[in-house]
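Student: need the 3D shape of this:
(one chain, ligands or ions: 2)
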Amino acid sequence: MGTILVTGARGQIGSDLVAELRRRHGHDAVLETDLHPLPNGGRALYEPLDVQDRDRLDALVRTHQVDTVYHLASLLSATGEQKPDIAWAVNVEGLRNVLEVARSHGLRLFWPSSIAAFGPATPREDTPQEGPLDPITMYGTTKVTGEYLCRYAFLKDAVDVRSLRYPGLISHATKPGGGTTDYAVEIFYAALEGDSYTCFLRPDTRLPMMYMPDAVRATIDLMEADAEDISVRTSYNITALSFSAEEIAAALRKRFPAFEVRYEPDFRQAIADSWPASVDDNQARTDWGWQPAFDLDRMVDDMIDHLAAKLKVAEPS
Ligand code: NAD
Ligand code: SER
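Tutor: Ligands and ions are numbered 1, 2, ... in the order given. Below is the predicted model:
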């Protein structure tokens, strides 16, 4: 087996995905890469890599005998609206670099799309796999472009590239990096630290979500599925649960009765309003057996357990 290279490995998903890949395959089987050199070495197998630098990616693939890439480097939806040129350069040109290196070395590739690929013309409830893709954001535009670049690489050059349209992801290891669903993580930190929380979305804003252990398992299951079971070469719809901002606040208030949440919607409200409220992921369930494990209560309890230990604060009794 060759080495697994992960781009954007120090972000929200990469932190958990690398840990699970190393648990399964061994520490030295996984090469982490991200923008900046590590501050103080450590035992991590790590190389700095800007995905806009195709030559360096190619050299790392050769040196480390890479056979699989999880390409996570990206700007997210909110940052993408503030820096659209960089979002296009990193998300689209970066993906083209990775696809070209994958083609020339025969690599297997995972690349994530997002619910942001959908837009106002998409049915908001149970958004179908083949629903119209009409994003209103630069981030969503890069995701739709990316989906078609992946399918093109599969059809034209037989690159084995697989993809999931992740919903908003909730995790405790690393904070999210500039997305519209970040509130669903920030709200846990506020509740555990005894603060109030000001949510940047309206209380009734309902979005599809998933707990990180489910997302990591889905990602690895997709990559381990038999190629003949993969019928979607753009990106699979995938979901676990949907909740509104006031529903997650209520779930936390059950555990922290004094917890207060205010709502001050900002520019991210329009982004959230253009996304699905719930997603139909039957194709993923049928093709490769996708099944989420965490519902809202189980996720909230698990997040509180882990964050209480991380922040060294008492859990609610
Ligand atoms: P993140 O922002 O937490 O991490 C992204 C990482 O990419 C960061 O560590 C950043 O340093 C790195 N990066 C940025 N520019 C780079 C460049 N030019 N070269 C190399 N690295 C660079 O993002 P995440 O939440 O881990 O998301 C990973 C992927 O999953 C992205 O494609 C994102 O669009 C997708 N996704 C995430 C979510 C979510 O809720 N987290 C939902 C849907 C899709
Ligand atoms: N969670 C991501 C974001 O908000 C969705 O792709 O940008």
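Student: pLDDT score for the residue in the stretch 51-200 of the chain that ligand 1 sits nearest to?
Tutor: Relative to ligand 1, the nearest point of the stretch 51-200 of the chain is Gly177 (2.4 Å; CB to the nearest ligand atom). Using the backbone N, CA and C atoms, a C-beta is placed for each residue, glycine as well. As predicted, Gly177 sits at a pLDDT of 87.
Student: verify the stated contact: it with Thr79.
Tutor: Yes - counting by CB atoms under 8 Å, Thr79 is a contact partner of Gly177 at 7.4 Å.
Student: if I look at Ile86, how far off is Thr68?
Tutor: 27 Å (CB to CB, to the nearest Å).
Student: between these two, who's got more neighbours?
Tutor: Thr68 (21 against 14; other CB atoms under 10 Å).
Student: surely that one forms part of a strand?
Tutor: Yes - residue state for Thr68 (DSSP: H, G, I helix; E, B strand; the rest coil) corresponds to a strand.
Student: what are the bridge partners for it, then?
Tutor: Ile4, Arg108 (DSSP bridges).
Student: so what's whichever residue of the chain sits closest to ligand 2 closest to, chain neighbours aside?
Tutor: Closest approach of the chain to ligand 2 (CB to the nearest ligand atom) occurs at Gly179, with a separation of 2.6 Å. Closest residue to Gly179 apart from its sequence neighbours, by CB to CB, 6 or more residues apart in numbering: Leu76 at 3.9 Å.
Student: show me what contacts that neighbour?
Tutor: Counting by CB atoms under 8 Å, 6 or more residues apart in numbering, Leu76 touches Tyr139, Pro176, Gly177, Gly178, Gly179, Thr180.
Student: so what pLDDT did the residue of the stretch 1-150 of the chain found nearest ligand 1 get?
Tutor: Here the residue of the stretch 1-150 of the chain nearest ligand 1 is Gly11; by CB to the nearest ligand atom that distance is 1.9 Å. Looking at Gly11, its pLDDT is 97.
Student: for the chain, give me the ranges with low pLDDT.
Tutor: Scanning the chain for pLDDT under 70 picks out the ranges 40-43.
Student: how about the residues of it near ligand 2?
Tutor: When proximity is defined as CB under 6 Å from any ligand atom, the chain approaches ligand 2 at Leu76, Ser77, Ser114, Ala116, Gly168, Gly179, Thr180, Thr181.
Student: what segments of the stretch 51-200 of the chain are helices?
Tutor: All helices of the stretch 51-200 of the chain, identified by DSSP state H, counting those that start in this stretch, fall at 54-63, 77-82, 84-88, 94-105, 138-157, 183-192.
Student: next, the distance between the ends of stretch 237-253.
Tutor: Separation of the first and last residues of stretch 237-253 by CA to CA, to the nearest Å is 31 Å.
Student: and that stretch, which residues are buried?
Tutor: Buried residues in stretch 237-253, counted by 16 or more other CB atoms under 10 Å: 237-246, 248-249, 251-252.
Student: does that stretch reach ligand 1?
Tutor: No - Stretch 237-253 stays clear of ligand 1 (CB under 6 Å from any ligand atom), getting no nearer than 9.9 Å.
Student: with Glu228 as the reference, measure out to Val6.
Tutor: 26 Å.
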